[in-house]
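Asker: Need a 3D model of the following:
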Amino acid sequence: MSYGLFDADVEKYPYIPFFNLDLMKLSSYYKKQREIVTLSPFFSPNMYQHFILRQDFPGYDYPITKYNNIEYGGRAFNPSKYKPLPIEIERMKPDTFLYNKIEEQYRVSKLRTSAFRRMKKAEHLRLSLDGQTIWKNFSSQLRYTNRNVGVIFHDYDLGAIKNSYDIVIDILKDFNLSRDGQRIGMKFPVQVSTPEDLLKWSAIKPMQHFYSIQYNGIMTMPLVKEYIEVVRNTSSARQSFYNISKNTDYNHFITQDIVEVYKQVCFLRTNKTYFSLIYDEDFFENHQWEKVITLINLFWNAPKGLKVKTVNRINGYDSMYNFIMIYKANFNYSKEVFSLNEVREIFQFVRENNYELFKMFYEYKA
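Answerer: Numbers count the residues shown, from 1 in each chain. Reported below is the predicted structural model:
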């Protein structure tokens with residue numbers, strides 16, 4: 001039988017490759033059964049006897065009900081809990097060579113070529129089948145063909161698995177201290193909500209492009225300062241997220257937490273540490289606050305030409321207002337674009353709803 005394996009995420013997000021663990025295991029399994037297996041670069045069920053689609057990130061909708069030869073799965077279809085494959089397939093070592101067919105499309109730049117090769121050489125595994133406890137046979141997935149590579153975990157949330165950190169550290173002992181070795185990557189962010197968990201996960205050497213941590217809750221300034229020291233000279237921060245809507249409530253956030261968050265953003269920006277503020281979709285009762293957060297993100301993560309040195313030329317220190325004076329001539333650097341009138345409206349909204357934050361936009365110095 002011919003099997004076409006289709007990675008919908010690679011089609012949607014082609015810039016940086018992130019292989020699908022299910023597809024790589026399925027490839028190993030069916031090749032062992034002497035079946036014909038190939039990666040389908042397009043949604044084309046009519047070209048194969050059996051077509052297997054995997055999609056982890058929401059987005060494209062494919063006419064999967066139109067065909068009777070489609071098997072589909074992934075986090076896009078089961079967002080809260082991983083649905084395991086048959087155990088004989090879960091035990092398989094992933095076939096990273098499955099993705100050879102699309103390697104050529106990543107040879108357009110050094111960055112993409114390097115990212116693809118790193119993904120192809122890496123060890124790929126899932127620690128848990130239920131998302132809570134360590135799977136006792138997880139080591140069956142490891143190939144050990146190259147001790148100089150990083151390890152990529154495909155669990156929906158490593159932080160939710162009991163004893164996962166200790167197991168990860170133990171696994172990494174089998175990989176040496178070369179440039180790429182003893183480095184961790186993950187397809188989905190590790191969710192953390194305590195200072196201890198943030199700092200210990202952040203201390204592991206990250207795999208560039210393939211590493212992600214999400215802090216849920218409002219940090220303290222001492223934690224921010226300690227975090228900066230832990231991730232200094234690594235790519236960890238750039239690949240992290242700060243969910244400011246967790247472990248707080250709406251009224252407390254718009255009156256107090258946002259002031260603290262803005263101070264932290266200014267401090268992080270001054271110390272050249274950048275990641276992203278995020279929030280739950282239904283958190284803000286007044287959606288104007290979403291625009292405020294977007295503006296703060298723009299201020300924090302401005303491109304190189306608009307960072308602290310450039311802004312400081314206006315009057316000697318960094319502030320949101322000074323940033324806007326530079327930013328007004330550079331509106332096209334981000335997909336999140338505000339007109340000058342919209343920026344004025346945001347400032348006016350903040351003035352009316354949180355005057356302390358409004359004053360900080362002009363006066364706060366980190």
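Asker: What separation is there between residue 77 and residue 99?
Answerer: The span separating residue 77 from residue 99 equals 22 Å under the rule CB to CB, to the nearest Å. Every C-beta, even on glycine, is put in place using the N, C-alpha and C of the backbone.
Asker: which one of the two has more residues nearby?
Answerer: residue 99 (22 against 14; other CB atoms under 10 Å).
Asker: How about the contacts made by that one?
Answerer: Contacts for residue 99 (CB atoms under 8 Å, 6 or more residues apart in numbering) come out as 7, 10, 17, 19, 39, 116, 119, 120.
Asker: I'd like to know which of those are part of helices.
Answerer: Among those, the residues falling in helices (DSSP state H) are 10, 116, 119, 120.
Asker: Now restrict those residues to buried residues only.
Answerer: Buried members of these, scored by 16 or more other CB atoms under 10 Å, are 10, 116, 119, 120.
Asker: what's the burial count for the nearest residue to the second one once chain neighbours are set aside?
Answerer: By that I understand residue 116. Leaving aside its sequence neighbours, residue 116 sits nearest to residue 106 (CB to CB, 6 or more residues apart in numbering; 4.0 Å). The local packing of residue 106 (other CB under 10 Å) involves 21 other residues.
Asker: Show me the helices in the protein, by range?
Answerer: Using DSSP H, helices in the chain cover 8-12, 21-32, 87-90, 110-121, 164-172, 195-202, 221-231, 250-252, 258-270, 288-300, 308-312, 320-327, 340-353, 355-363.
Asker: quick one, what contacts residue 77?
Answerer: Residue 77 touches residue 55, counting by CB under 8 Å, 6+ apart.
Asker: related to what we said a few turns ago, just the helices of the chain: most buried one?
Answerer: helix 21-32 (a mean of 22; mean count of other CB atoms under 10 Å).
Asker: My read is that residue 8 contacts residue 52, right?
Answerer: No - here residue 8 does not reach residue 52: they are 11.0 Å apart, not a contact under CB atoms under 8 Å.
Asker: any idea which helix or strand of this structure has the worst average confidence?
Answerer: Every helix and strand in the chain was compared by mean pLDDT, DSSP states H and E; the lowest is helix 308-312, with a mean of 48.
Asker: for the stretch 51-200 of the chain, which spans come out with low pLDDT?
Answerer: Low-confidence segments of the stretch 51-200 of the chain (pLDDT under 70): 176-182.
Asker: Recalculate using a threshold of 50.
Answerer: Within the stretch 51-200 of the chain, no stretch has pLDDT under 50.
Asker: okay if I get the helices of the chain as a markdown table plus distance to residue 57?
Answerer: Putting those into a markdown table (distance: least, CB to CB, whole Å) gives the following:
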| stretch | distance to residue 57 |
| --- | --- |
| helix 8-12 | 5 |
| helix 21-32 | 14 |
| helix 87-90 | 22 |
| helix 110-121 | 16 |
| helix 164-172 | 22 |
| helix 195-202 | 22 |
| helix 221-231 | 25 |
| helix 250-252 | 28 |
| helix 258-270 | 27 |
| helix 288-300 | 20 |
| helix 308-312 | 33 |
| helix 320-327 | 30 |
| helix 340-353 | 29 |
| helix 355-363 | 33 |
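Asker: right, and those helices - which one's nearest residue 212?
Answerer: Closest approach to residue 212 among the helices of the chain is made by helix 195-202 (10.2 Å; CB to CB).
Asker: which other helices and strands contact the closest one?
Answerer: helix 164-172, strand 190-192, strand 213-216, helix 221-231 (3 or more CB pairs under 8 Å, 6 or more residues apart in numbering; DSSP states H and E).
Asker: Does anything pack onto the longest one? Which helices or strands?
Answerer: Under the contact criterion of 3+ CB pairs under 8 Å, 6+ apart, helix 221-231 touches helix 195-202, helix 258-270.
Asker: rerun at 10 Å
Answerer: helix 195-202, strand 213-216, strand 240-243, helix 258-270 (3 or more CB pairs under 10 Å, 6 or more residues apart in numbering; DSSP states H and E).
Asker: Fine, thanks again, bye for now.
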